[in-house]
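Asker: model this:
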Amino acid sequence: MGRPKMKPVHGTIDGAGRLVIPKEVRDAASLTPGTPLTIRYIDGRIEIEPEPRAVRIIRRGRVHVAVPVEAGEPLDDDIVRTAVRATRERNRGD
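Answerer: From the prediction side, this is the model:
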């Protein structure tokens, strides 16, 4: 199912080349000041996404789990569901 798509919103680029991302988009993407971003130019489009958190793999009992290297806010269920869905779609080639 997924989240409904947002209607397009407009941002600007200032004289120093900084992109202003509208609050509505920042809120929907859970972007906060200082969030590291990956920016790509692909086929005439600019893609911006939050960088994944650095993790280390540790053993807990019989399983291995990823633990964040730096402390941060816990991920809420909505963010986890979105990430799982996106990963599955990428793996299917959607």
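
Asker: Could you find the closest non-adjacent residue to residue 10?
Answerer: Distances taken as Cβ to Cβ, 6 or more residues apart in numbering put residue 22 closest to residue 10, at 7.3 Å, once the chain neighbours are dropped. All C-beta spots, glycine's among them, are computed from the backbone N, C-alpha and C.

Asker: OK, contacts around that neighbour?
Answerer: Counting by Cβ atoms under 8 Å, 6 or more residues apart in numbering, residue 22 makes contact with 9, 10, 11.

Asker: how close does residue 15 sit to residue 87?
Answerer: 38 Å (Cβ to Cβ, to the nearest Å).

Asker: Residue 16 now?
Answerer: 35 Å.

Asker: So which of the two has more stuff around it?
Answerer: residue 87 (10 against 5; other Cβ atoms under 10 Å).

Asker: Look up how far residue 39 lies from the more buried one.
Answerer: From residue 87 to residue 39 the distance is 21 Å (Cβ to Cβ).

Asker: Spit out the contact partners of residue 48.
Answerer: Contacts of residue 48 by Cβ under 8 Å, 6+ apart are 19, 21, 37, 38, 39.

Asker: So which of the residues you listed wins on neighbours?
Answerer: residue 21 (15 neighbours).

Asker: Give me the pLDDT value at the closest residue to that residue other than its chain neighbours.
Answerer: In this structure, residue 21 finds its nearest non-sequential neighbour in residue 11, 5.7 Å apart by Cβ to Cβ, 6+ apart. pLDDT for residue 11: 88.

Asker: For my notes, confirm residue 27 occurs in a helix.
Answerer: Yes: assessed with DSSP: H, G, I helix; E, B strand; the rest coil, residue 27 lies in a helix.

Asker: Tally up the residues packed near it, please.
Answerer: When neighbours are counted by other Cβ under 10 Å, residue 27 comes out with 10.

Asker: ok, it to residue 21 distance?
Answerer: In terms of Cβ to Cβ, residue 27 sits 10 Å off from residue 21.

Asker: Equivalent analysis for residue 40, please.
Answerer: In terms of Cβ to Cβ, residue 40 sits 16 Å off from residue 21.

Asker: try residue 30
Answerer: Counting by Cβ to Cβ, the gap from residue 30 to residue 21 is 12 Å.
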